[in-house]
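[1] Build me a model:
(one chain, ligands or ions: 1)
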Amino acid sequence: MTAQIERDKYLDMYRTMVRIRGFESNVERLFAEGKIPGFVHLYIGEEAIATGVCAALREDDYITSTHRGHGHCVAKGGRLGEMFAEIYGKRTGYCKGKGGSMHIAAVEKGILGANGIVGGGLTLANGAAFSARYRGTDQVVACFFGDGATNNATFHEGVNLAALWNLPVIFVCENNQYGMSVPQKHHQKIVDVSVRAQAYGIPGVTIDGNDVIKVYETAMEAISRARRGDGPTLMECKTYRHKGHFQGDPDVYRDKEEVRKWITERDPIRRFREFLLRSKISSENDLETIDREVEGEISEAIRFAEESPLPAPEEALEDVYA
Ligand SMILES: Cc1ncc(C[n+]2csc(CCOP(=O)(O)OP(=O)(O)O)c2C)c(N)n1
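    I've put the predicted structure just below:
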């Protein structure tokens, strides 16, 4: 990359991370104010993963997501207004307000849906990847899931089949070290989820998921492999969620010192900001301008959602299936 392309790419990634953090902090506030119905799982602390992976994807590539999906959706180019409207249950939302936080999908952006079913995205990713190959395109699919999901049958079935058929999928494990209230060492004997790749004959790699450049570079490699027909990679990104499992979780199962350390010493946005300043890629002024612009976008998106109408009662049975 030339220095200018690198600079633009890095600043785009910074903007995306700030967008995700801003989106999520506002969802947290609005939920506490009782304005948002349903269940909310926040992605704060894990922004480097969605950002780094999606920055390496093409616009026509696909992603599948999880119950903690806002960050993936923002990073893949989801419009904030339609996202807030969906979470508010408004008719202008991506799924006309009928999906809510856990089921935002925007197919025209390649966002195949957040998913309330843990591990549910793996087989969907295979389907999309198979379809791309069948149609003769070179699109790839990034499939996000947590450490807990890697104990589900869909993980093993999904990775096995993708490996066997050389499907163009990048399996991205966001290892935030807890499955709800259960620490990883209580639900798995292994330390690194990536060792499971060996069982399926594909490359597996574990990286620092709070280092956005590392995530981006690793994703670039896995994506080029997939695009040239060499099959999937299992990419494990070690990270930490700053908030409870869901909004309202009393979070009594995590050591307070552990939480404090991750937040103060390893915050992915602060780390990237410091890197950009230290390496003189950006000035404090440029970054503050981005911060301000994103704040403006978010206020506008919330205003759009709040002023949008709710779906009419007679629309209740449209667009839904079971
Ligand atoms: C198939 C299925 N089993 C159980 C649940 C209940 N559940 C919701 S979130 C969760 C934990 C998921 O942990 P992980 O995959 O590590 O993701 P994280 O929440 O840490 O991002 C569980 C068990 C579910 N939604 N779907």
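
[2] Count the neighbours of the residue in the stretch 201-322 of the chain that the ligand sits nearest to for me.
    Proximity to the ligand, evaluated over the stretch 201-322 of the chain using C-beta to the nearest ligand atom, is greatest for H245 at 5.7 Å. Every C-beta, even on glycine, is put in place using the N, C-alpha and C of the backbone. Neighbours of H245 under the rule other C-beta atoms under 10 Å: 21.

[3] Ok, P203 next?
    So P203, with other C-beta under 10 Å, has 16 neighbours.

[4] I'd like to check which residues are in contact with it.
    Going by C-beta atoms under 8 Å, 6 or more residues apart in numbering, P203 touches A197, A222, R225, T233, L234.

[5] How about Q188: what's its closest non-neighbour residue?
    Of all residues not flanking Q188 in the chain, N151 sits nearest, at 6.7 Å (C-beta to C-beta, 6 or more residues apart in numbering).

[6] Next up, phi/psi of the one you found, please.
    Dihedral pair for N151: phi -100, psi -10, per degrees, to the nearest 10.

[7] of the contacts of P203, list those near the ligand.
    The subset of the contacts of P203 within reach of the ligand, counting by C-beta under 6 Å from any ligand atom, is empty.

[8] ok, now which ones touch the residue in the stretch 1-150 of the chain positioned nearest to the ligand?
    Nearest residue of the stretch 1-150 of the chain to the ligand (C-beta to the nearest ligand atom) works out as G146 at 2.4 Å. If you count contacts by C-beta under 8 Å, 6+ apart, G146 has them with T66, R68, V118, C173, E174, N175, N176, G179.

[9] and those, which two are the farthest apart?
    Pairwise distances across these peak at 14.0 Å for V118 and N175 (criterion: C-beta to C-beta).

[10] neighbour count winner among those two?
    A direct count of neighbours by other C-beta under 10 Å for V118 and N175 places N175 higher, at 25 against 19.

[11] Which residues of the protein lie near the ligand?
    Within reach of the ligand by C-beta under 6 Å from any ligand atom, the chain has these residues: 67-68, 116-118, 145-149, 176, 178-180, 245.

[12] let's see it at 5 Å
    Contact residues, the chain versus the ligand (C-beta under 5 Å from any ligand atom): R68, I117, V118, G146, D147, G148, A149, N176, G179, M180.

[13] Do a quick rundown of the helices in the stretch 201-322 of the chain.
    Remark: helices assigned in the stretch 201-322 of the chain by DSSP state H, counting those that start in this stretch are 212-227, 256-265, 268-278, 284-307.
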